[in-house]
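# build the 3D model from these lines:
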Amino acid sequence: MRKQDGRRQSNARLHFDHIVREYVAYYHECRPHQGIGNRLIAADDNKESSPSITSLNQVRCETRLGGLLKHYSRAA
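Modelled structure (predicted):
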């Protein structure tokens, strides 16, 4: 029984680590931050920053963690 518990804890730890890595990547690469002028922490300064009207067929959605985290951007 102890081996199963160890494996279960190991799998839980790996799953938790995956969730944390995905959230940190989302937090730095996709989520705008008010404290720095609604820019991204890992900002690519070459991207267009001025808002404009975009039709819905030009919008793409990236999901992480099974759709729990979503990021919308203009399609290239």
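
# any idea how far residue 30 is from residue 66?
Look at residue 30 and residue 66: by C-beta to C-beta, to the nearest Å, they are 16 Å apart. (C-beta placed from N, C-alpha, C; glycine too.)

# actually residue 73, sorry about that
Separation of residue 73 from residue 66 (C-beta to C-beta): 19 Å.

# out of the two, which sits in the busier spot?
Using other C-beta atoms under 10 Å as the criterion, residue 73 and residue 66 rank with residue 73 on top: 13 against 7.

# what sits closest to that one if chain neighbours are left out?
Among residues not flanking residue 73 along the chain, residue 60 sits closest, at 5.9 Å (C-beta to C-beta, 6 or more residues apart in numbering).

# quick one: the helices in the chain?
Assigned by DSSP state H, the chain shows helices spanning 2-29.

# what bits of it have low per-residue confidence?
Low-confidence segments of the chain, defined by pLDDT under 70: 1-3, 43-54.

# residue closest to the middle of it?
Geometric centre of the chain, nearest residue: residue 26, 2.3 Å, by C-alpha atoms, centre = their mean.

# setting aside sequence neighbours, what's the nearest residue to that residue?
Distance criterion C-beta to C-beta, 6+ apart; nearest residue to residue 26, sequence neighbours excluded, is residue 69 at 4.8 Å.
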